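Q: Provide a 3D model corresponding to the input given below.
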Amino acid sequence: MTHEDWQAARLAALTAEDGWLNLTDRIEIAPGRLTLGRGDHDLRLSVGPDLLGTLVLAPDLTARLEMPEGQVLDFAPGPGGFDTLRIAGLILEIHIVEGAAALRLRQIDHPARCDFAGIDSFPFDPDWVIDAEWHELPVPVLRDIAMVAGRSDSVRQTHVARFSHAGQQVALVPTHIKAGRPMFVIRDATSGHETYGASRFLIGEVAGHRVRLDFNRLHNPPCAYTPFAICPLPPPENRLAFAIRAGELTPRDH
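A: Presented below is the predicted three-dimensional model:
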């Protein structure tokens, strides 16, 4: 995939109906029956009708929505891996993190999505396409990764990406796997100045004992676009003292 094709795919994913620009609510929920809508209900939403219906969350975290007219609508697996339901110009999603459920709500025609001005990036720099050593650890390591809002997540680390930059030895730790590829959460000397302060994400491409790190594809985390996302923070190894002037810049409204 060319860099231009990657940028187009990135923009399409961000501005999609199930992207991050139109997320309006995230409310933690427990199994039971919960009325929801913009009115005075168990789950008070910021958008949508005054009464949307009654959310029924089973102990196994499957869900259905009972409409005021008596119709019952089941949530079904969505493209993001969580059960979703589309209704009344909204997308409802049962978001599960570490066994706990939350209701996430997206407004399909939200102005932030429909009027999005685009993604600003550094110019492409071929020097920031690095083929690193993909070093397998002798024994996998279970480690805690800090998340925003004081949360944490446990991940199993099996590899480290090693390369040198300006005479410095770098060993990047992958924190998650996305579509079978390692994801790195990185902070560098541009963070908080030219780029988003918390971190940027990078997906590696593994080929045998090497992993391609195209830092031109460093992209902003969901938390750069919505307060309702839960994003990992970079582990100590991924907090770099040098500047990576490649990839996405701080979003315009930040």
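
Q: which SS state does Ala149 fall under?
A: Three-state assignment for Ala149 (DSSP: H, G, I helix; E, B strand; the rest coil): helix.

Q: before we move on, what about the one 10 residues further on?
A: Judged by three-state DSSP, the three-state class of His159 is strand.

Q: look up phi and psi at Glu205.
A: Here is the backbone geometry of Glu205 (degrees, to the nearest 10): phi -120, psi 110.

Q: next one: Asp144
A: Here is the backbone geometry of Asp144 (degrees, to the nearest 10): phi -90, psi 130.

Q: pretty sure it contacts Ser152?
A: Yes - Asp144 lies in contact with Ser152 (CB atoms under 8 Å); the separation is 4.9 Å. C-beta here means a position set from N, CA and C on the backbone, and glycine is covered the same way.

Q: describe which strands the helix or strand hosting Arg33 pairs with in its sheet and in which direction.
A: Assessed by DSSP states H and E, Arg33 sits inside strand 32-37. With DSSP bridges as the test, strand 32-37 is paired with strand 43-44 (parallel), strand 53-57 (antiparallel).

Q: tell me which of these lies nearest to Gly192.
A: strand 43-44 (34.0 Å; CB to CB).

Q: so what's the closest residue to Thr190 other than its chain neighbours up against?
A: Spatially, and ignoring its direct neighbours in sequence, Thr190 is nearest to Ala243 (4.9 Å; CB to CB, 6 or more residues apart in numbering). When contacts are counted by CB atoms under 8 Å, 6 or more residues apart in numbering, Ala243 touches Asp188, Ala189, Thr190.

Q: tell me the predicted confidence for the first one.
A: It stands for Asp188. Listed pLDDT for Asp188 reads 97.

Q: thinking again about what came up before, would you turn the strands paired with strand 32-37 into TSV with mean pLDDT?
A: Shown next, in TSV, are the strands paired with strand 32-37 (pLDDT from 0 to 100):
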stretch	mean pLDDT
strand 43-44	96
strand 53-57	97
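
Q: save those as CSV, and put in distance to Arg252 and mean neighbour count too.
A: Compiled in CSV, the strands paired with strand 32-37 are given as follows (distance: least, CB to CB, whole Å; neighbours: other CB atoms under 10 Å):
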stretch, distance to Arg252, mean neighbour count
strand 43-44, 30, 15
strand 53-57, 35, 21
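
Q: is it possible to get a markdown table of those that adds distance to Gly80?
A: Below are the strands paired with strand 32-37 laid out as a markdown table (distance: least, CB to CB, whole Å):
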| stretch | distance to Gly80 |
| --- | --- |
| strand 43-44 | 20 |
| strand 53-57 | 18 |
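
Q: Pro31: which of these is closest?
A: When the strands paired with strand 32-37 are compared by CB to CB, strand 53-57 sits nearest Pro31, at 4.8 Å.
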